[in-house]
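Asker: Coordinates only, no sequence provided:
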């Protein structure tokens, strides 16, 4: 039922309360499947960043909702710790891109250092739009 509410546009306000200076930041994302009421549609796009994928197809509706979280009480403790940048909620969509040569790269995070092989993208996650309202006082 919660996923259904999220899919219908329920906005989770996880970072609405002010965080004190010594508080941890929401530097991880936890993701859940959603039932999105948006009608089916397809969009074509090039995905440019550290990895470039041209001619991708983005499929709407969304399939995954990711919300910022703080990872706590991990047992056993991971090999490393630390805070990353504060994150925001995202809705993820299936994406299909032409297959390319898989990239192999070294990766290091709180759970260890290793080599990972990255294939064509499967999801594109888009942040929520922040509405800006202008009010005037007479």
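Answerer: Yep, that arrived. Predicted model, so just to flag it, every value in this text is computed and none were measured.
Asker: Need the phi and psi values for residue 46.
Answerer: phi -100, psi 130 (degrees, to the nearest 10).
Asker: Look up how far residue 120 lies from the closest residue to it other than its chain neighbours.
Answerer: Nearest residue to residue 46 in three dimensions, chain neighbours excluded: residue 54, at 4.6 Å (C-beta to C-beta, 6 or more residues apart in numbering). All C-beta atoms are positioned from the backbone trio N, CA, C, and that covers glycine. Residue 54 sits 11 Å away from residue 120, going by C-beta to C-beta, to the nearest Å.
Asker: residues bridging contact with those two, i.e. touching both?
Answerer: 97, 98 (C-beta atoms under 8 Å, 6 or more residues apart in numbering).
Asker: Same drill for the two, tell me which one is more crowded.
Answerer: residue 120 (15 against 12; other C-beta atoms under 10 Å).
Asker: The more buried one and residue 91: what is the separation?
Answerer: From residue 120 across to residue 91, the span is 21 Å (C-beta to C-beta).
Asker: same deal with residue 79?
Answerer: 32 Å.
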